[in-house]
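Trainee: sequence first, then the predicted structure:
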Amino acid sequence: MKNIPNIITCLNLLAGCMACVMALRFDNFVGAFIFIVIAALFDFLDGFFARLLKAYSDIGAELDSLADIVSFGLAPSCVIYVYLSQISVGTPYALGLPFFAFLIAIFSGIRLAKFNVDTRQTTSFLGLPVPANGLFWTSFIPAILPYSQMNPIISIVIITILIVIFSLLMTSEIPMFSLKFKSYTWKGNEWSYSLILLSILIIALSSIAGTFLLGVSLIIIAYIVMSLIKNIVETKSSEKDLC
């Protein structure tokens, strides 16, 4: 019974490996996204069953980080690498640019290493969680692929800037709320419930418009923006209390 969470973590790792294969072997970005979603589901379930069965272990914690760096760091890097390799063909000064994609994997590793030794991140996060990073990239790339060939240079510039932003976000000290519920009441979970409701709305509208994958990446953007707004609101509230 105590090995159940670790088995689920290994399934997360397997899904991440399959996402890499989808990108590198088959140029199948949608397939990579599907496997990343599966990996994210297993990432949630291993923690859920670890708490349910009280099956915590140091090995489980390390295995979880190793699985996450593959599923949400290396896999999105592979997707970006293949994408940049495709659109940079014939583009001046872009010969080695696709390798810049692996900056995401490097910063994912740094973020996970920091998370493992940081005791402040029990109920919330400091910096962008790597699953959110993985879901953003593997949904965003196939969403913009049909438009990339119209102006490859603009696409390359946008992706390069986003790689830098997301790499810095993962290792930043910016507080970001989690979806871990201590209770299911509205009070104390306002931001989490608001994100869930907004996500349902975005998915519904994007599905109707035929842009489901773009909708997923917009949810990650909404999560980042809401976390920033939450920080501002709480900072102002604390300043008022001090006054």
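Mentor: Cool, got the structure.
Trainee: identify all contacting residues around stretch 18-36.
Mentor: Identification of contacts with stretch 18-36 by CB atoms under 8 Å, 6 or more residues apart in numbering yields 15-16, 39, 70-72, 74-76, 78-79, 81-83, 86, 134-135, 138-139, 141-142, 145, 213, 216. For every residue, glycine as well, the C-beta is placed using N, CA and C.
Trainee: just the buried subset of these, please.
Mentor: With burial judged by 16 or more other CB atoms under 10 Å, the buried subset of those is 15-16, 39, 70-72, 74-76, 78-79, 81-83, 134-135, 138-139, 141-142, 145, 213, 216.
Trainee: restricted to strands, list those residues.
Mentor: Using DSSP state E, no member of those sits in strands.
Trainee: next SSE downstream of the helix or strand hosting Asn116?
Mentor: Here Asn116 sits within helix 103-117, counting by DSSP states H and E. Later in the chain than helix 103-117, the nearest helix or strand by DSSP H and E is strand 124-126.
Trainee: which elements pack onto that following strand?
Mentor: If you count contacts as 3 or more CB pairs under 8 Å, 6 or more residues apart in numbering; DSSP states H and E, strand 124-126 packs onto strand 175-177.
Trainee: mind listing what's buried in the very next helix or strand once past the strand it packs on?
Mentor: Next helix or strand after strand 175-177 toward the C-terminus (DSSP H and E): helix 190-208. With burial defined by 16+ other CB under 10 Å, the residues of helix 190-208 counted as buried are 191-192, 195, 199, 202, 206.
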